[in-house]
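> Sequence plus the predicted model coming up.
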Amino acid sequence: MEVRDSNGNLLADGDSVQVIKDLKVKGTSVTLKRGTLIKNIRLTEDEEEIECNADKVKGLVLKTCFLKKV
């Protein structure tokens with residue numbers, strides 16, 4: 001299974017990614033701003049989703065179309 005970011009770069013466990021669009025997090029009042037760096041991602045069984053921890057939110061699942069590899 002190949003997981004790719006919005007630019008087509010290959011992602012792997014432990015990579016760092018950057019958010020390319022402001023994202024509202026469901027269930028909280030937190031918004032992930034454009035440019036937010038997220039370290040140590042984990043791949044899921046779905047090619048279009050990753051798991052990660054952001055500064056204020058733990059256990060996030062993000063779509064890869066909103067991320068770019070750093």
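Looks like it came in fine.
> Please tell me I have it right and Ile50 contacts Gly59.
No: the pair Ile50 and Gly59 does not pass the contact test of C-beta atoms under 8 Å, sitting 11.9 Å apart. From N, CA and C alone the C-beta is placed, and that goes for glycine too.
> quick one, which of these two is more surrounded?
Ile50 (23 against 8; other C-beta atoms under 10 Å).
> tell me how far stretch 46-57 is from the chain's mean position?
Put simply, stretch 46-57 sits 5 Å off its chain's centre (C-alpha atoms, centre = their mean, to the nearest Å).
> list the buried ones in that stretch?
Buried residues in stretch 46-57, counted by 16 or more other C-beta atoms under 10 Å: Ile50, Cys52, Ala54.
> now stretch 13-28
Residues Asp15, Val17, Val19, Ile20, Leu23 are the ones in stretch 13-28 that count as buried (16+ other C-beta under 10 Å).
> just for the protein, where's the confidence low?
Counting by pLDDT under 70, the chain shows no low-confidence range.
> need the contact list for the residue nearest in space to the middle of it.
In the chain, the residue lying closest to the centroid (C-alpha atoms, centre = their mean) is Leu62, at 4.6 Å. For Leu62, the contact set (C-beta atoms under 8 Å, 6 or more residues apart in numbering) comprises Val19, Leu23, Ile38, Glu49, Ile50, Cys52.
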